[in-house]
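Chemist: Test case, fold it:
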Amino acid sequence: MIRNCSAKPPWESAATQSRDVKLLWNMWPRLQIRNGPLRRRFESPDGTSTVWQVVLPSTLREEFLIVVHGGMTGGHLARSRTAASIQGRAYWPLWSSYLDAFLKRCVSCARIIEVVFPVKHLFKHRSLVMCGKESRQTSPDHIPVLLFRIVSS
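Modeler: Residues are numbered from 1 along each chain as shown. Got it, this is the predicted structure:
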């Protein structure tokens, strides 16, 4: 659609298309074909930088997330870092929901567990967390971490 029109096409031409096409139609002024692929202009929330994100087709999204989250540039980082890495490179409608579903399916991330239990005799607001790979028994892979909650009076 964008290759054939320099002006935004009427809604009637997008209404019969997929959900992705309808969502992209709404951001028409921010879309452009640059250096081959369709790209979307993304401005950082503070307005200091602009990135031209590649609009990924549905066939490449899963592979892209595997590389960004777990590949050489990712390393199974938390959601916020994975999201920042996506925003710096690519876009597709509802990418945030897609990322949430992907992270729930990530086998490596699911193997990391946290066991939280109170440590009542030390301080008023605290918990002891054992972080490490899932295991049926205690192992040297678990690291004890003492957490304190800040409570305002």
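Chemist: what's the domain layout of this protein?
Modeler: With domains defined by automatic domain parsing, the chain comprises 11-109, 112-148.
Chemist: looking at the ones you listed, which is buried most?
Modeler: domain 11-109 (a mean of 14; mean count of other Cβ atoms under 10 Å). Any C-beta I mention is one placed from the backbone N, CA and C, and that applies to glycine too.
Chemist: Can you get me the start-to-end distance on it?
Modeler: Length of domain 11-109, first residue to last, Cα to Cα, to the nearest Å: 42 Å.
Chemist: Three-state assignment for the nearest residue in space to Trp52 that is not next to it in sequence, please.
Modeler: Once flanking residues are discounted, Trp52 sits nearest to Arg39: 4.3 Å by Cβ to Cβ, 6 or more residues apart in numbering. Secondary structure for Arg39, judged by DSSP: H, G, I helix; E, B strand; the rest coil, is strand.
Chemist: Pairing partners for Arg39 in the sheet, please.
Modeler: With DSSP bridges as the criterion, Arg39 is bridged to Gln32, Val54.
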